[in-house]
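Trainee: fold the following, please.
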Amino acid sequence: MTDFISREAAHTSGLYHKREIAIVHGKDALVWDVDGREYIDCVGGQGSANLGHGNVAVAEAIGAQARILATCTELFYNDRRAEAYEALARHLPAELDRVFLCNSGTEAVEGAIKLAFLATKRRGVVATMRGFHGKTLGALSATWGQEYRELFGPLLEGFSHVPFNRTEALDAAISTDTAAFILELVQGEGGVRPASLEFVREAERICRARGAMLIVDEVQTGFCRTGTMFAIERYAVVPDLLCLAKSIAGGVPMGAIAFSRAVGELPKRAHSSTFGGNPLACASAVAAIGEMERLGLARNAAERGAQLLEGLSGIRSPKVREVRGLGLLVGMELKENAGGTIRALQTEGVLALGAGPTVLRYLPPLVITQAQIARVIEATARSLA
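Mentor: Numbering: from 1, shown residues only. Okay, here's the model as predicted:
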């Protein structure tokens, strides 16, 4: 293990807080380190491993496509890209019938903001406190966390933030000068906080009334994570622009912006991506979405998420403040820094995430089993004892 760690440490950027284990193998909701120790993966590629690890259909699709054609820009039409569009269209609202393909969540957000500028001829953007939308400059301007923002200020002008779930704050914040309002339906990095139905519906109403674009960031909540293919289904809302990424292609880097005709006709070459919509990623996405359907991942996320939420809520510990979440995106807020409990969980054979300084975030592959969720709950109880 030390050899892999030292070899990577010799060249890594230094931008990441790395844990002293080297993960080398995975299957479904389990991963193994170089010494052969097994862990239940509740990091889940930070949301990119909804389908789990080592899915055979995805692996075969990637291999077959790599042998035929890996790269084909959108200067040309392509068979795999057409199939990827159709796979997405099966699950998207009918209104969101146009799609721009890119490579990541922050690219999707960056592109959505630009499209909102084009559509409205305005430059104001309203986001939410505790929201996280990425770290490129436009997405970072919408992100709330000062630990990210202060290093690179001043950021783009015209961006402001309203308190999350404070419905009464929306009326003053979204004006006829606003290009877009952007929000997550469950704040991930911001502490695993689901939006209230009232907040989302009022945001939609005000955006429609004032000609602003509604952007929903489903980079983490998309692709069955909350118990439906997209969380917008749970809120019965159709945004003007929907940002997707992470698990869209079964672990292969890919992102997408789905948008409505309200955005209008776009000037040619106003936005583009060399690797966006490449056949390799598209083949992986077609296979991954097919597997999500075949395996019933939305149903499993709802059932296992309810089990995890109930089990964690039943842990009696003076350290716990609150447990909250939606589907298999669950957070446990502690009354102390969560770092020690995350390390204790790792010792117990469970890998988990933070979501701010005091929140444990559970983001397992959606193929996780009932028995594995029970082990996660038991390990958490022991880690808090």
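Trainee: thought A66 was touching L280?
Mentor: Yes. Using CB atoms under 8 Å, A66 makes contact with L280 at a distance of 6.0 Å. Where C-beta positions appear, they are placed from N, C-alpha and C, glycine not excepted.
Trainee: out of these two, which sits in the busier spot?
Mentor: It is L280, of A66 and L280, that has more neighbours when counted by other CB atoms under 10 Å, with 23 against 12.
Trainee: can you tell me how far that one is from A108?
Mentor: According to CB to CB, to the nearest Å, L280 and A108 sit 18 Å apart.
Trainee: and G314, by the same measure?
Mentor: Using CB to CB, G314 is found at 37 Å from A108.
Trainee: between those two, who's got more neighbours?
Mentor: Higher neighbour count among G314 and A108: A108, with 33 against 10, using other CB under 10 Å.
Trainee: tell me the buried residues in the helix or strand hosting H161?
Mentor: Using DSSP states H and E, H161 falls within strand 159-162. Neighbour-count burial for strand 159-162 flags F159, H161, V162 (criterion: 16 or more other CB atoms under 10 Å).
Trainee: list the contacts of the last one.
Mentor: In this case it means V162. If a contact means CB atoms under 8 Å, 6 or more residues apart in numbering, then V162 has V126, A127, T128, M129, A169, L170, A173 as its contacts.
Trainee: could you rerun that using 10 Å?
Mentor: Residues in contact with V162 (CB atoms under 10 Å, 6 or more residues apart in numbering) are 126-129, 131, 168-170, 172-174, 181, 183, 199, 203.
Trainee: the residues you listed in strands, which ones?
Mentor: If you go by DSSP state E, the contacts of V162 have V126, A127, T128, F181, L183 in strands.
Trainee: which one of those is nearest H91?
Mentor: Using CB to CB, L183 comes nearest to H91 of these, at 20.6 Å.
Trainee: my guess is R98 contacts V263, does it?
Mentor: Yes. Using CB atoms under 10 Å, R98 makes contact with V263 at a distance of 7.5 Å.
Trainee: now list whatever residues contact both of those two.
Mentor: Overlap between the contact sets of R98 and V263, as judged by CB under 10 Å, 6+ apart, is given by L115, L241, I257.
Trainee: mark which of the contacts of V162 are buried, thanks.
Mentor: By 16+ other CB under 10 Å, these give V126, A127, T128, G131, A169, L170, A173, I174, F181, L183, F199, A203 as buried.
Trainee: of all the residues you listed, which two lie farthest apart?
Mentor: Within the buried ones among the contacts of V162 (distances taken as CB to CB), the two that end up farthest apart are G131 and I174, at 14.8 Å.
Trainee: that older thread, between the buried residues of strand 159-162, which is closest to G36?
Mentor: H161 (46.3 Å).
Trainee: what residues are up against the closest one?
Mentor: Counting by CB under 10 Å, 6+ apart, H161 makes contact with V125, V126, A127, T128, M129, R130, G131, A142, T143, W144, A169, A173.
Trainee: now render those as JSON lines, adding pLDDT and distance to R321.
Mentor: Converted to JSON lines, the contacts of H161 look like this (pLDDT from 0 to 100; distance: CB to CB, whole Å):
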{"residue": "V125", "pLDDT": "98", "distance to R321": "32"}
{"residue": "V126", "pLDDT": "98", "distance to R321": "29"}
{"residue": "A127", "pLDDT": "98", "distance to R321": "25"}
{"residue": "T128", "pLDDT": "98", "distance to R321": "21"}
{"residue": "M129", "pLDDT": "98", "distance to R321": "19"}
{"residue": "R130", "pLDDT": "97", "distance to R321": "16"}
{"residue": "G131", "pLDDT": "98", "distance to R321": "21"}
{"residue": "A142", "pLDDT": "98", "distance to R321": "28"}
{"residue": "T143", "pLDDT": "98", "distance to R321": "24"}
{"residue": "W144", "pLDDT": "97", "distance to R321": "21"}
{"residue": "A169", "pLDDT": "98", "distance to R321": "24"}
{"residue": "A173", "pLDDT": "98", "distance to R321": "29"}
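Trainee: that concludes my questions; thank you for your assistance.
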